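A.B. asks: The amino acid sequence is not available; the structure is as follows:
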C-alpha cells in the first residue's frame, strides 16, 4: 500500500504520467495481497487478493491503477463529452421534425448583447402526450439549466441565449422524443428554465456546462444527468436507474428513490441525504463527502459503495431493530471512527475496519456498505 501511495504522489507532483503510473501499479500487484474476511470469520492476509474481496460486495479495496487513469484524464474527457452531447441528441432526425412547429407555441425577445453575441429570450410551450416511451433531452451551455416537474401536460420553458449568428433554436417533438435543438457551435450561452410533466417521460437526459444544473420532482424509468464546471442539485427524483456526473462544483443530491444509482463528482463537495437506493455508487474526489440517512424504507437489501479521495468522509446512519449493517471501511493515511452500536468487529485497525451488526443475519433489512477515503478521517455514526 505504501508503494502505491508513493506512485500516486508522484502523479500529483507531475513527476510521472498517468500511463506510467498505471504500469508501475500493475507491476506491484503480484506483491500485494489484501484482507479476506468471511461474514462470520476472521481476517486472513494470505488467501484472498483485493480484487477477490472487491467481488464479494462492492469492496473498498479496488485497484489503484484505474483510479489514477480516471482522475488524471476524466476532467478533460467530461468537458469534451459534454460539448459533444450538447443539444443535438436527435439531430439526425432534424429533417423530419416539422411536426413540432405545429404543436408548440413560442415567442422571442431580443436584448442587447455583449461580446458573445446578441442576447435573446424565447418562451416555449409544447403539449406532451402521455406515454412511457417518451424521452426528454435538454442541454444547456454556459448558463443555468433548471427543470422541475409539475402536475400538468405541457412543457413550459424560458430559454435565454446568446448566438454568434442568426442561429435557430427550437423545442422539437419527434414522435415521443422532446428535445431542444440547436447547433452548439453557433451559441455562446444557452440557459433553460422549464416546467415539465412530472410523470410523462420514460427517459430523461439533462446536461449542463459552465453553469448550474438543478433538477427536481420527476419520475421516470431511466434518468441521466451531466454537468461540467458547475454545481448540480438533484432532489425528489424517482427512477429504476439514475446516473449523474459532475465536475468542479458542489454536488447536492436529496430524496432519491431508485433500484440503481451512480453519482460521481470531481473537485467539489458532495452533500447527500435520504437516498433510498438499493444499489448505490457515490464517489467524489478532492473534496469532502457527507451522507445523512434517517431511514431505509423501500428495499430489503442494500449494497452501497461510498468513496472520496483526499478529503473527509462523514456518514450518519439510522439505528433501528430491523436494520442490520455490514460495513467495510478503509482510510488510507487516515483514521476511522465507527460509532454504530451493536457492531461485532472482524477487523479493527486505525485505518481498516470491518464490522457486522450482531443482528445482521436476522434483520429484516440488510445494509452492506463499503466506504473509503484517503489522507483524511472517515466517520460513521
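C.D. replies: Arrived safely. As the structure is a computational prediction, the values presented were derived from the model and not from experiment. Numbering: from 1, shown residues only.

A.B. asks: show me where the stretch 151-300 of the chain has strands.
C.D. replies: Under the criterion DSSP state E, counting those that start in this stretch, strands of the stretch 151-300 of the chain are mapped to 154-163, 170-174, 177-181, 187-197, 203-209, 213-219, 222-228, 232-247, 251-266, 270-283, 289-292.

A.B. asks: Of these, give the one that comes closest to residue 322.
C.D. replies: strand 270-283 (14.8 Å; CB to CB). The C-beta positions use only the backbone N, C-alpha and C, and glycine is treated the same way.

A.B. asks: What strands line up against that closest one, and which way round?
C.D. replies: strand 251-266 (parallel), strand 289-292 (parallel), strand 301-307 (parallel) (DSSP bridges).

A.B. asks: Would you convert those strands into CSV that also reports mean neighbour count and distance to residue 133?
C.D. replies: Formatted as CSV, the strands paired with strand 270-283 follow (neighbours: other CB atoms under 10 Å; distance: least, CB to CB, whole Å):
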stretch, mean neighbour count, distance to residue 133
strand 251-266, 21, 20
strand 289-292, 21, 35
strand 301-307, 21, 31
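
A.B. asks: who touches the closest residue in space to residue 222 that isn't next to it in sequence in this structure?
C.D. replies: Leaving out its chain neighbours, the residue that sits closest to residue 222 by CB to CB, 6 or more residues apart in numbering is residue 203, at 4.7 Å. Contacts for residue 203 (CB atoms under 8 Å, 6 or more residues apart in numbering) come out as 134, 135, 136, 220, 221, 222, 223.

A.B. asks: who's in contact with the last one?
C.D. replies: This points to residue 223. Applying CB under 8 Å, 6+ apart, we find residue 223 in contact with 203, 204, 205, 237, 239, 241, 242, 243.

A.B. asks: Drop anything exposed from these.
C.D. replies: Buried members of the contacts of residue 223, counted by 16 or more other CB atoms under 10 Å: 203, 204, 205, 237, 239, 242, 243.

A.B. asks: Show me which positions of stretch 192-211 end up buried.
C.D. replies: Buried residues in stretch 192-211 (16+ other CB under 10 Å): 192-198, 200-211.

A.B. asks: model confidence over it, on average?
C.D. replies: Averaged over stretch 192-211, pLDDT sits at 96.

A.B. asks: And it, end to end?
C.D. replies: 11 Å (CA to CA, to the nearest Å).

A.B. asks: Counting neighbours, what do you get for residue 316?
C.D. replies: By other CB atoms under 10 Å, the residues close to residue 316 number 14.

A.B. asks: wait, I meant residue 271
C.D. replies: 15.

A.B. asks: So it sits against residue 263, correct?
C.D. replies: No - when contacts are counted by CB atoms under 8 Å, residue 271 is not listed as touching residue 263 (11.1 Å).

A.B. asks: okay, and the common contacts of the two?
C.D. replies: Listed contacts common to residue 271 and residue 263 are 251, 253; contacts here mean CB under 8 Å, 6+ apart.

A.B. asks: picking that back up, now distance to residue 127 too, for the buried ones among the contacts of residue 223, in CSV please.
C.D. replies: Shown next, in CSV, are the buried ones among the contacts of residue 223 (distance: CB to CB, whole Å):
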residue, distance to residue 127
203, 19
204, 18
205, 20
237, 24
239, 23
242, 27
243, 29
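
A.B. asks: what's the closest of those to residue 304?
C.D. replies: Ranked by distance to residue 304 (CB to CB), the buried ones among the contacts of residue 223 are led by residue 242 at 14.2 Å.

A.B. asks: picking up where we left off before, nearest to residue 355, of the contacts of residue 223?
C.D. replies: Nearest to residue 355 out of these is residue 242 (CB to CB; 29.1 Å).

A.B. asks: Run through the bridge partners of the closest one.
C.D. replies: Residues in a beta bridge with residue 242, per DSSP bridges, are residue 223, residue 261.

A.B. asks: Ok, residue 302 next?
C.D. replies: Judged by DSSP bridges, the bridge partners of residue 302 are residue 367.

A.B. asks: got it, and residue 325?
C.D. replies: For residue 325, the beta-bridge partners are residue 367 (DSSP bridges).

A.B. asks: quick one: pLDDT of it?
C.D. replies: Looking at residue 325, its pLDDT reads 97.

A.B. asks: Hmm, it is touching residue 318, no?
C.D. replies: No - with contacts counted by CB under 8 Å, residue 325 stays clear of residue 318, the gap being 10.1 Å.

A.B. asks: In terms of packing, which of these two has more residues around it?
C.D. replies: residue 325 (23 against 12).

A.B. asks: Contact partners for the more buried one?
C.D. replies: 317, 340, 343, 355, 356, 357, 360, 367, 369.

A.B. asks: Would you check how far apart the fourth one and residue 325 are?
C.D. replies: Counting by CB to CB, to the nearest Å, the gap between residue 355 and residue 325 amounts to 8 Å.

A.B. asks: cool, the fifth one as well?
C.D. replies: From residue 356 over to residue 325 the distance is 7 Å, taken as CB to CB.

A.B. asks: overlap in contacts of the two?
C.D. replies: Counting by CB under 8 Å, 6+ apart, the residues touching both residue 356 and residue 325 are residue 343.

A.B. asks: Please identify the buried residues of stretch 157-176?
C.D. replies: Quick answer for stretch 157-176 (16+ other CB under 10 Å): 157, 159-163, 167, 169-174, 176.

A.B. asks: Need the contacts of residue 325 in JSON lines (columns: pLDDT).
C.D. replies: Listed next are those as JSON lines, based on pLDDT from 0 to 100:
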{"residue": "317", "pLDDT": "97"}
{"residue": "340", "pLDDT": "92"}
{"residue": "343", "pLDDT": "94"}
{"residue": "355", "pLDDT": "96"}
{"residue": "356", "pLDDT": "96"}
{"residue": "357", "pLDDT": "95"}
{"residue": "360", "pLDDT": "96"}
{"residue": "367", "pLDDT": "97"}
{"residue": "369", "pLDDT": "96"}
